[in-house]
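Novice: Just need the structure, nothing else, for what follows:
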Amino acid sequence: TMSGTGTTTANGGIAFTTAFGKTLTRGLVLPATKSAVYTGTGGLVINNPGTFENSGTFDHQTDASISGTGTFNSPGTFLPKTSAGNVAISCPFNNTGTLDVQTGELSLQDNGAHTGSFDATGALLRFSGGTQTLSAATTVTGTAVEVTNGTITIGGSYDVTGTTAMTFGNLTFAPTSTVT
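Specialist: Below you'll find the predicted structure:
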């Protein structure tokens, strides 16, 4: 558990390796040149006023969830990989960098404001809750995208070569979007 006031900067990077859950209730910054490697099976809970600022590379190698009332901001690279199942992010998540789902599934279950790129080539990107706003600067590429809940607005480029499936929720392509 990291709690209290202030912000911690992980200048040496971060390794999440245990089976126990991790709780963050303060600011944590991963600098641009550093990596966080998440191989543990316990989830990461970010609770207000906690924030995680991923300016580096967050290498998510497990199905462990990221949840809570705090915010995960990712101006860096977020890599869900080597996951056989579903990685659920059920806290506010803002992608202003690169999100690359390399295997398995990634579910965004809470609010997000995005200006970065989403790539789910060979994997599944699922919008399953909250309000997701993808700006005109955002690109979405991949093999499969699902909308299972929430309100999703896509303002940028959308190029999914496989399936786009909707079961519940609202999906809107803004006038600024291009679909190929």
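
Novice: Surely residue 15 and residue 22 touch.
Specialist: No - contact criterion Cβ atoms under 8 Å: residue 15 and residue 22 do not qualify, at 11.2 Å. For every residue, glycine as well, the C-beta is placed using N, CA and C.

Novice: Residue nearest the middle of the chain, spatially speaking?
Specialist: residue 93 (5.6 Å; Cα atoms, centre = their mean).

Novice: Number of residues surrounding residue 4?
Specialist: The tally of other residues near residue 4 (other Cβ atoms under 10 Å) stands at 8.

Novice: which of residue 15 and residue 22 has more neighbours?
Specialist: A direct count of neighbours by other Cβ under 10 Å for residue 15 and residue 22 places residue 22 higher, at 18 against 14.

Novice: Could you check how far that one is from residue 54?
Specialist: 15 Å (Cβ to Cβ, to the nearest Å).

Novice: Distance check, the nearest residue to residue 46 once chain neighbours are set aside against residue 28.
Specialist: Spatial nearest neighbour of residue 46, chain neighbours left out: residue 70 (3.5 Å); criterion: Cβ to Cβ, 6 or more residues apart in numbering. Taking Cβ to Cβ as the measure, residue 70 falls 10 Å from residue 28.
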